[in-house]
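Q: model this:
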Amino acid sequence: MSQTNQNTIPQLTLNNGVRIPQLGFGVFQVPPEETQRIVEDALEAGYRHIDTAAAYRNEAGVGAAIAASGIPREDIFITTKLRNGEQGNAHEAFQNSRKALGVEFVDLYLIHWPVPSQGLFTHAWKAMEKLYANSQIRAIGVSNFLPEHLDTLLPAADVVPAVNQFESHPTFQQQELAAKCRELGIAVEAYSPLGQGADLNAAAVKDLAGTHDATPAQIVLAWHLAQGTIVIPKSADSQRMRENLGAVAVELSAAELSEITALESGARAGADPAVAAFSQM
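A: Next comes the predicted model:
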């Protein structure tokens, strides 16, 4: 499969006009001491969208990699997220993230989980709206918000979230949530886009990989991209990073896309946002 670079990665326009590279690089579970090296490798491979979070404890490594890369700041899209235990103090939490990253602004800031038992996500959103109005954040959004959480947030919001990032992959697609987001003008961003690797073993995925002379990961990522979904696969292996970028060159037919969509099994890999209540502190 052909390689790619940042010039060929499609960009989507969010509901406020900000452009986001549709294929990014996630650093969930990347150890802090390895983050700079791995993100430098990702930037060298051609990624220009890096997704981190305060809870990952590796924002400083992301920032160091960006500083060391020599790539102009405006050419890199940085996402980070508000920890659950800081929803009552979003302004200070954001400033701490911005300083850890070593940047003047963040491109996308997300509420990491709704934690409905706290009842604070709307409070956090109002604080984020102020940061957005002051141009310290180019776009604000949410993560792991189910339909009922959006229904609570939106009546109180002056700014509609630009993005909802949630678990989505062939065996757990959350189609109703994705449809609701798109109807509201909220971009869908998939984490665990490969089902933490498990979905790559599906017979349909392997068969299509053979047909297209592609990797199974390229097939699944191409399926996401064809739906207009933003994806943030993670890999510590520089060759695999480059292979994943090659997904942008894979074109699947409608019938082939349907084969992958048919893999839905309702098997969530991560926590359930309806009840998740960990502090991340």
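
Q: give the buried residues for stretch 224-241.
A: By neighbour count, with 16 or more other C-beta atoms under 10 Å as the criterion, the buried positions of stretch 224-241 are 224-227, 229-235, 241. The way it works is simple: take the backbone N, C-alpha and C, and place the C-beta from them, glycine included.

Q: what is the nearest of those residues to residue 46?
A: Closest approach to residue 46 among these (C-beta to C-beta): residue 241, at 8.5 Å.

Q: for the closest one, helix, strand, or coil?
A: helix (DSSP: H, G, I helix; E, B strand; the rest coil).

Q: low-confidence stretches in the stretch 1-150 of the chain?
A: Applying pLDDT under 70 to the stretch 1-150 of the chain flags residues 1-7.

Q: any idea how far the residue lying farthest from the centre of the chain lies from residue 205?
A: In the chain, the residue that sits farthest from the middle, by C-alpha atoms, centre = their mean, is residue 211; the gap is 28.4 Å. Distance, residue 211 to residue 205, by C-beta to C-beta, to the nearest Å: 11 Å.

Q: also residue 265?
A: As judged by C-beta to C-beta, residue 265 and residue 205 stand 13 Å apart.

Q: ok, now residue 274?
A: Distance, residue 274 to residue 205, using C-beta to C-beta: 29 Å.

Q: residue 235 now?
A: When residue 235 is compared with residue 205 (using C-beta to C-beta), they lie 17 Å apart.

Q: all strands of the stretch 151-281 of the chain, in order?
A: Here the stretch 151-281 of the chain has its strands, by DSSP state E, counting those that start in this stretch, at 163-167, 187-191, 230-231.

Q: deepest of those, which one?
A: Looking across those with neighbours counted as mean count of other C-beta atoms under 10 Å, the highest average goes to strand 230-231: a mean of 28.

Q: got a list of contacts for that one?
A: 12, 20, 22-24, 163, 165, 187-190, 193, 221, 224-225 (C-beta atoms under 8 Å, 6 or more residues apart in numbering).

Q: could you give the mean pLDDT of that strand?
A: Mean per-residue pLDDT for strand 230-231: 98.

Q: got it, and stretch 236-254?
A: The model assigns stretch 236-254 a mean pLDDT of 97.

Q: skipping adjacent residues, who's closest to residue 171 in space?
A: Distance criterion C-beta to C-beta, 6 or more residues apart in numbering; nearest residue to residue 171, sequence neighbours excluded, is residue 265 at 4.5 Å.

Q: what about the one you found, distance to residue 220?
A: For residue 265, the distance to residue 220 equals 14 Å [C-beta to C-beta].

Q: quick one: which of the two has more around it?
A: residue 220 (30 against 12; other C-beta atoms under 10 Å).

Q: find the nearest non-adjacent residue to that one, please.
A: Closest to residue 220 by C-beta to C-beta, 6+ apart is residue 194, at 5.5 Å.

Q: could you measure from residue 51 over to residue 148?
A: Counting by C-beta to C-beta, the separation of residue 51 from residue 148 is 25 Å.

Q: can you lay out the strands of the stretch 151-281 of the chain as JSON lines showing distance to residue 41?
A: What follows is the strands of the stretch 151-281 of the chain, written out as JSON lines (distance: least, C-beta to C-beta, whole Å):
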{"stretch": "strand 163-167", "distance to residue 41": "23"}
{"stretch": "strand 187-191", "distance to residue 41": "20"}
{"stretch": "strand 230-231", "distance to residue 41": "18"}
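
Q: coming back round to it: residue 274 and residue 205 - which one has more neighbours?
A: Neighbours per residue, other C-beta under 10 Å: of residue 274 and residue 205, the larger number sits with residue 205, 24 against 12.

Q: ok, that one - contacts?
A: Contact analysis of residue 205 by C-beta under 8 Å, 6+ apart lists 170, 199, 216, 219-220, 260, 263.
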